[in-house]
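Asks: The following comprises the amino acid sequence and a computationally predicted model.
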Amino acid sequence: MLSSTVARYALRRTANPAVGTVRNLNVHEYISMEIMKNHGIQTPECYVASNPEEAENIFLNSLNRPGAPKKDIVIKAQVLSG
């Protein structure tokens, strides 16, 4: 069963006026990673932040141990862009 996040974003129908086609599935990368993980497909560890404070909290508290050297991370912005 799809999580509420996946259901909310993935099942929208939007028209692409330039081509006249209809997109039946709008999926950000983090949603597709959740779908694959739920079906037993190995995916890289990832977190979703909606603002800079959430990103900092994830970096400091979820990805790094106190006293250990800080890990390098990648931050990606995700938008649906046709």
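Replies: Everything's here; your move.

Asks: what number of residues lie near residue 27?
Replies: 17 (other Cβ atoms under 10 Å). C-beta coordinates here come from the backbone N, C-alpha and C atoms, glycine included.

Asks: and what of residue 70?
Replies: 10.

Asks: distance of the closest residue to it other than its chain neighbours from residue 32?
Replies: Distances taken as Cβ to Cβ, 6 or more residues apart in numbering place residue 64 nearest to residue 70, at 5.4 Å, with adjacent residues excluded. The gap separating residue 64 from residue 32 is 26 Å, by Cβ to Cβ, to the nearest Å.

Asks: now swap in residue 60 and tell me
Replies: Applying Cβ to Cβ, the value for residue 60 to residue 32 is 27 Å.

Asks: Then residue 56?
Replies: 25 Å.

Asks: Out of these two, name the residue with the larger neighbour count.
Replies: More crowded of residue 56 and residue 32, by other Cβ under 10 Å: residue 32, with 14 against 11.

Asks: tell me what the helix or strand hosting residue 34 is packed against?
Replies: Assigned by DSSP states H and E, residue 34 belongs to helix 29-38. Applying 3 or more Cβ pairs under 8 Å, 6 or more residues apart in numbering; DSSP states H and E, we find helix 29-38 packed against helix 4-10.

Asks: Look up the closest residue to residue 57, ignoring the ones flanking it.
Replies: Nearest residue to residue 57, sequence neighbours excluded (Cβ to Cβ, 6+ apart): residue 49, at 7.8 Å.

Asks: and that neighbour, how many neighbours does it have?
Replies: By the measure other Cβ under 10 Å, the count of residues near residue 49 is 13.
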